[in-house]
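> Return atomic coordinates for the entry below.
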Amino acid sequence: MEPTRYREEGLRLKEARYALRMTQQELADAIGSSLATIKGYERGVRIPNRHYSSQLAKLGINLSYVLDGEGAVLVKPENQEAYSDVVDAMLLHDHAAEERREVRYNDVRNRLRHTTEVIRRISADLGYEAPAHWVALVQELMVCHGLSDEGARRVFETLKGDGIPLLELDHGK
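Residues are numbered from 1 along each chain as shown. Have a look, this model is predicted:
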């Protein structure tokens, strides 16, 4: 038996489908999905993604009702177009936020790759392998605080040389 994490949401979607007097197949056709997808939604196995949520809103299904149990099952016909536009705008905004998160994630991942390469180069130049806690410290300084490649080299040279170091960094030297 499949887990029904979204059982309540599925039951409310089924209620909305009944209110529209549609079969599962008709709803699937109307939103461009498969019968299996609609059955999965109604069983509570999953909830509609952005695209299908947008399509459900175009049919006049109140997503607040389906997802949270709030409001009427269906949007009033005279408000349906405006409601659909608002849902699309919210979903587009959410999509844009997701894309920005992905860009930030990729940026941090690329900066970490860069710092790893810089640290390897510095270690090779200085002829030693830095301890993991030094590497982590320098990576954090480079990624989060903008420490330059040359600054990283100076930190490693100081750490290797006498092990007293980072007091200079606190004073901006």
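> which one's the longest helix in the chain?
Among the segments of the chain that qualify as a helix by DSSP state H, the longest is helix 80-126.
> Now do that one, average pLDDT.
Across helix 80-126, pLDDT averages out at 76.
> what's the neighbour count on Glu117?
A count of nearby residues for Glu117, using other C-beta atoms under 10 Å, gives 11. Any C-beta I mention is one placed from the backbone N, CA and C, and that applies to glycine too.
> Spit out the contact partners of it.
If you count contacts by C-beta atoms under 8 Å, 6 or more residues apart in numbering, Glu117 has none.
> do you know how far it is from Val155?
16 Å (C-beta to C-beta, to the nearest Å).
> and Asp88, how many residues sit next to it?
Asp88: 15 neighbours (other C-beta under 10 Å).
> let me fix that: Arg5
Count around Arg5 with other C-beta under 10 Å applied: 12.
> wait, isn't it in contact with Gly44?
Yes - the criterion here is C-beta atoms under 8 Å, and Arg5 meets it with Gly44 at 6.4 Å.
> Identify the spatial nearest neighbour of Ser53, chain neighbours not counted.
Sequence neighbours aside, Leu63 is the residue nearest to Ser53 in space, at 5.9 Å (criterion: C-beta to C-beta, 6 or more residues apart in numbering).
> Could I get the contacting residues of that neighbour?
Contacts of Leu63 by C-beta under 8 Å, 6+ apart are Ser53, Leu56, Ala57, Val87.
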